[in-house]
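Participant: Mind folding the following:
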Amino acid sequence: MGELHGTQAIGFLIAACIGLGIAGYTKHARAHDPYTKWERPDTGGSCCSNQDCRQASARFNGNGWDVLLEGRWVEVPPGRVLDPTKYENPDGMHHVCVGPQQHIYCFMPGEAKY
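Facilitator: The predicted structure is shown next:
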């Protein structure tokens, strides 16, 4: 009888781990949803490959935007700034989609210019 409880406990533990894994993946997918709708202003292609978009520290420099990437300020090319009236900003913060070598695909300005 004790062995049956042990088997049931292991089965429950496995089911719980699978459930948490699926829930975590679903939460990540939903958290990334707004990015998947963003299109690059320069090419019309997607800004996002489901891993390269995130909140960012940014500042308006008087002529355009700079984004803090890996400890240094990088200028956002003007053709990569998204129109906030056209696309959903998930939380009103600054967001950036960045590829290899800090290549900026898209930048969504937040509500505050800091």
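Participant: Tell me the first helix or strand C-terminal of the lowest-mean-pLDDT helix or strand in the chain.
Facilitator: Least confident helix or strand, the chain: helix 2-36 with a mean of 49, by mean pLDDT, DSSP states H and E. Toward the C-terminus, helix 2-36 is succeeded by strand 53-55 as the next helix or strand (DSSP states H and E).
Participant: Parallel or antiparallel, list what pairs with that next one.
Facilitator: Here strand 53-55 is paired, per DSSP bridges, with strand 95-98 (antiparallel).
Participant: Does anything pack onto the helix or strand following the partner strand? Which helices or strands?
Facilitator: Note on strand 95-98: by DSSP H and E, the next helix or strand toward the C-terminus is strand 104-108. Where contact means 3 or more C-beta pairs under 8 Å, 6 or more residues apart in numbering; DSSP states H and E, strand 104-108 is packed against strand 65-69, strand 95-98. From N, CA and C alone the C-beta is placed, and that goes for glycine too.
Participant: Could you figure out how far strand 104-108 is turned away from strand 65-69?
Facilitator: 120 degrees (axes from the mean of the first three to the mean of the last three C-alpha atoms, to 10 degrees).
Participant: so what pLDDT did the residue lying closest to Pro77 once chain neighbours are set aside get?
Facilitator: Leaving aside its chain neighbours, Pro77 sits nearest to Ile104 (6.5 Å; criterion: C-beta to C-beta, 6 or more residues apart in numbering). On pLDDT, Ile104 comes in at 93.
Participant: What residues does Ile104 make contact with?
Facilitator: Taking C-beta atoms under 8 Å, 6 or more residues apart in numbering, we find Ile104 in contact with 67, 74, 76-77, 80, 96-98.
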